[in-house]
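Peer 1: Provided below for reference: sequence and predicted model.
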Amino acid sequence: MGDKRIDKFGSIMHIAIAGNIGSGKTTLTQMLARHYGYRPIYESTETNPYINSFYEDMRRWSFNIQIYYLHTRTRQLLEIQKENKNIIQDRTLYEDAHIFTPNLHAMGLMNTRDFENYQHTFELVSSFLQPPDLLIYLRADVPTLIRNIQSRGREYENSIRLDYLTGLNKRYEDWIERYHKGKIIIVDLAKLDFVAREEDLGTVYNMIDAEINSLFN
């Protein structure tokens, strides 16, 4: 294990960014990593062997892709715990378990046997992992998500269903309302456009600084 890095707040930090598809998680991860000098941990979309197949046939590939995310995110978190480095993480393990997988099951795109198998595996795995010190939730309405998805031009996302996005958004709000694993910041994209307006990005930095300071005071 390498030397333990201490940030300007006096402790190792794990910040995670949560949000629906197209909410800007990767963009904010990049910005925060540059600003704070933390190591970014990104979601592995480009190397995901199931992503194209999933959007072509969700019912056939839903279980496969969620199991893939479960083991890749678990591996990421285990690496984080070993390295003792300050981390900015793009999407969390909890979103798959509390939002994406239940949504697939509710829509009839994952059968009950596979859903229960996934949930039991998640419960076992998550019992060995530490949650992030700070969770940043990017709140966005469905029209904003669609606009962002279309602007980034990923071919496999062209077939994302409107009811799929809408269902995810509802589950995100329910999950955030119940979240109790640590500090949380909600960035409402209807009020703060951290990509287009520098002053809004500054507001996000100030929100993060305040919450991190409160962890150690």
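Peer 2: Sure thing, it's come through.
Peer 1: Just the buried positions in the helix ranked longest in the chain, please.
Peer 2: Counting residues, the longest helix found in the chain (DSSP state H) is helix 58-83. Of all the residues in helix 58-83, those buried under the rule 16 or more other CB atoms under 10 Å are 58, 61-63, 65-70, 73-74, 76-77, 80. Bear in mind the C-beta positions are built from the backbone N, C-alpha and C, glycine included.
Peer 1: Just the closest of the residues you listed to residue 29, please.
Peer 2: Checking the buried residues of helix 58-83 against residue 29 by CB to CB gives residue 76 as the nearest, at 12.7 Å.
Peer 1: residue contacts, that closest one?
Peer 2: Counting by CB atoms under 8 Å, 6 or more residues apart in numbering, residue 76 touches 41, 89.
Peer 1: Check it and give its pLDDT.
Peer 2: The score at residue 76 is 83. That number is its pLDDT.
Peer 1: start the count at 21, not 1, going forward
Peer 2: Done: numbering now begins at 21, and the last item shifts to residue 96.
Peer 1: What's the separation between it and residue 110?
Peer 2: According to CB to CB, to the nearest Å, residue 96 and residue 110 sit 10 Å apart.
Peer 1: any common contacting residues for the two?
Peer 2: Contacts common to residue 96 and residue 110, judged by CB under 8 Å, 6+ apart, are residue 61.
Peer 1: quick one on the thing from earlier: in terms of secondary structure, what does the next helix or strand after the longest helix of the chain contact?
Peer 2: Per DSSP states H and E, the first helix or strand lying C-terminal to helix 78-103 is strand 107-110. If you count contacts as 3 or more CB pairs under 8 Å, 6 or more residues apart in numbering; DSSP states H and E, strand 107-110 packs onto strand 34-39, helix 45-56, strand 59-61, helix 78-103.
Peer 1: Using JSON lines, lay out these together with distance to residue 230.
Peer 2: Output for the helices and strands packed on strand 107-110, formatted as JSON lines (distance: least, CB to CB, whole Å):
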{"stretch": "strand 34-39", "distance to residue 230": "13"}
{"stretch": "helix 45-56", "distance to residue 230": "14"}
{"stretch": "strand 59-61", "distance to residue 230": "22"}
{"stretch": "helix 78-103", "distance to residue 230": "24"}
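Peer 1: Determine which of these approaches residue 172 most closely.
Peer 2: helix 45-56 (9.3 Å).
Peer 1: Quick check: which helices or strands does that closest one pack against?
Peer 2: Where contact means 3+ CB pairs under 8 Å, 6+ apart, helix 45-56 is packed against strand 34-39, strand 59-61, strand 107-110, strand 154-159, helix 218-235.
Peer 1: I'd assumed residue 61 was in contact with residue 111.
Peer 2: No: in this structure, residue 111 is not within contact of residue 61 by CB atoms under 8 Å, at 9.2 Å.
Peer 1: Please identify which of these two sits among more neighbours.
Peer 2: The neighbour comparison of residue 111 against residue 61 (other CB atoms under 10 Å) goes to residue 111, with 24 against 21.
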